[in-house]
Every structure is written in structure tokens, then in C-alpha cells.
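Enquirer: Provide a 3D model corresponding to the input given below.
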Amino acid sequence: MVVAHHYRLVCEGIARILEDAGFDVIRQADTGEGLSRLAQEHEPDILLVDWEISEVAPDTIRTLTEKHPRMAIVILTQPQSTEAVLPILEAGARGYLSVNLSSQEFVQSLRMLAKGGIVVSQEMVKGIKLELTTDQAARNREDVSIREREVVQLVCQGATNREIAERLIVSEHTVKVHLRNILTKLNLRNRQQIAAYAIQEGLVTDITSEESSESPH
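Expert: Numbering: from 1, shown residues only. Okay, here's the model as predicted:
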């Protein structure tokens with residue numbers, strides 16, 4: 001894992017919490033200079049970035065995720081206007097976490113992320129809900145079938161279409177049909193929006209309490 005934070009002391013504190021929890025923090029950076037370079041040099045599983053760093057922008061995130069598809073980008077931020085949340089998620093970020101989380105919630109979120117999930121703090125979800133209801137046509141949760149909800153749950157766990165197909169014992173084509181129907185019914189655009197919607201509507205939780213013995217880097 002690479003941690004990039006605007007303040008060195010905070011960066012060191014975050015690194016200590018994560019190391020104590022079993023994560024391998026291979027690099028700390030207290031500025032935003034060279035996020036691409038850090039990603040290229042270390043190929044981390046997770047890139048945890050402070051919102052105040054100037055390089056955190058949808059275009060940068062999109063470029064990083066295209067170059068490093070296995071790397072999960074997580075934004076750590078103060079509770080604030082959520083105008084940037086959806087663009088950040090749509091650009092490919094897999095997490096948007098509040099600094100108000102306890103250390104336990106923080107670690108649990110990153111463990112879920114390391115397993116392939118998408119994590120968004122509940123504080124941020126409330127704002128996303130307002131944006132979704134304002135900017136998108138009415139969505140009817142009741143229109144989503146039980147099977148489609150199962151697909152949503154697996155999407156939030158980071159499962160690929162093939163993995164979803166294996167879990168539900170259906171073809172990948174059927175999974176694609178389910179995803180297309182979900183996006184159409186909820187008037188959403190991608191998996192990140194599916195995850196945000198699922199969290200805000202209580203279809204999944206934003207924090208997992210499962211313990212993991214893995215030590216992602």
C-alpha cells in the first residue's frame with residue numbers, strides 16, 4: 001500500500017494504524033507530487049490519497065486506473081460537499097472514506113476493499129443520495145428483482161462478471177443482462193454508481209466486520 005497525505009504527521013499516523021493491522025505500507029508520501037511515479041515504481045494493491053493533494057482529480061484517477069487496473073484508489077477526506085464524489089467514483093476510484101471513521105472502521109473498510117469491494121463512508125453516501133435523486137430520473141427500488149439484488153451485492157464485493165456467474169450458477173451473458181437491467185431500472189451508469197446506490201439504500205453495508213489475515217501491499 002502507498003499512503004499519500006498532505007500532512008506528514010497524519011501520514012505517519014495512518015501508516016502506523018495500517019501496519020499494526022497487518023497491512024504492508026511500502027511507501028509514504030506527504031505530497032501529491034508523483035502519484036503516477038509512485039504507482040509505477042511500487043505497483044501497490046491500494047493507493048490511499050488525501051483529498052487535499054492537488055493531483056486528486058477525475059482525469060488523474062482515470063489515467064491511474066487504466067494503467068494499473070489491479071490498484072484500488074481510495075480517497076480520504078473531511079466531510080464536505082459531495083459534488084466530487086460521483087466523478088471520483090466514476091473515474092475508477094474504489095473508495096471514498098471520511099476521516100471521522102474510527103481506526104477500527106477504517107481498517108475494516110480497507111480490508112473489504114482489499115477483497116475487491118467498493119467502500120464509501122455513510123457520511124458521503126447521504127450526499128450522494130441527494131445528487132442521485134436530483135440529477136437522475138426517478139429510480140424504483142422495488143423494480144429490482146431478488147436475483148438482481150444478488151448481483152448488486154456481488155458487484156459491491158468487487159466480483160467480476162465471471163465470478164458472479166459462478167456464484168449464481170448462470171452464464172456470463174445472463175450476468176451482463178442483469179447488470180444492464182439494473183442500470184436501466186435505476187438510471188445509473190456504471191458499477192461504482194450501483195455500489196453507491198446500494199449503500200445508500202441499505203442493500204449492502206459500507207463497512208464490513210469480517211476479519212482478514214491477509215496483508216495486502
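Enquirer: how many other residues sit next to Arg37?
Expert: 10 (other CB atoms under 10 Å). Bear in mind the C-beta positions are built from the backbone N, C-alpha and C, glycine included.
Enquirer: who's in contact with it?
Expert: By CB atoms under 8 Å, 6 or more residues apart in numbering, no residues touch Arg37.
Enquirer: for it, identify the helix or strand it belongs to.
Expert: helix 35-42 (DSSP states H and E).
Enquirer: which element follows that helix toward the C-terminus?
Expert: Next element after helix 35-42 (DSSP H and E): strand 46-50.
Enquirer: so what are the sheet partners of that following strand and their directions?
Expert: Paired strands of strand 46-50, with direction, are strand 2-4 (parallel), strand 72-77 (parallel) (DSSP bridges).
Enquirer: list the helices and strands the helix or strand just after it packs on?
Expert: For strand 46-50, the succeeding helix or strand toward the C-terminus, using DSSP H and E, is helix 58-67. Applying 3 or more CB pairs under 8 Å, 6 or more residues apart in numbering; DSSP states H and E, we find helix 58-67 packed against helix 35-42, strand 72-77, helix 85-90.
Enquirer: any buried residues in the last one, and which?
Expert: Of the residues in helix 85-90, those with enough neighbours to count as buried (16 or more other CB atoms under 10 Å) are 85-86, 88-90.
Enquirer: output these as JSON lines; include the columns distance to His5 and pLDDT.
Expert: Listed next are the buried residues of helix 85-90 as JSON lines, based on distance: CB to CB, whole Å; pLDDT from 0 to 100:
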{"residue": "Val85", "distance to His5": "19", "pLDDT": "72"}
{"residue": "Leu86", "distance to His5": "23", "pLDDT": "71"}
{"residue": "Ile88", "distance to His5": "17", "pLDDT": "81"}
{"residue": "Leu89", "distance to His5": "20", "pLDDT": "78"}
{"residue": "Glu90", "distance to His5": "24", "pLDDT": "76"}
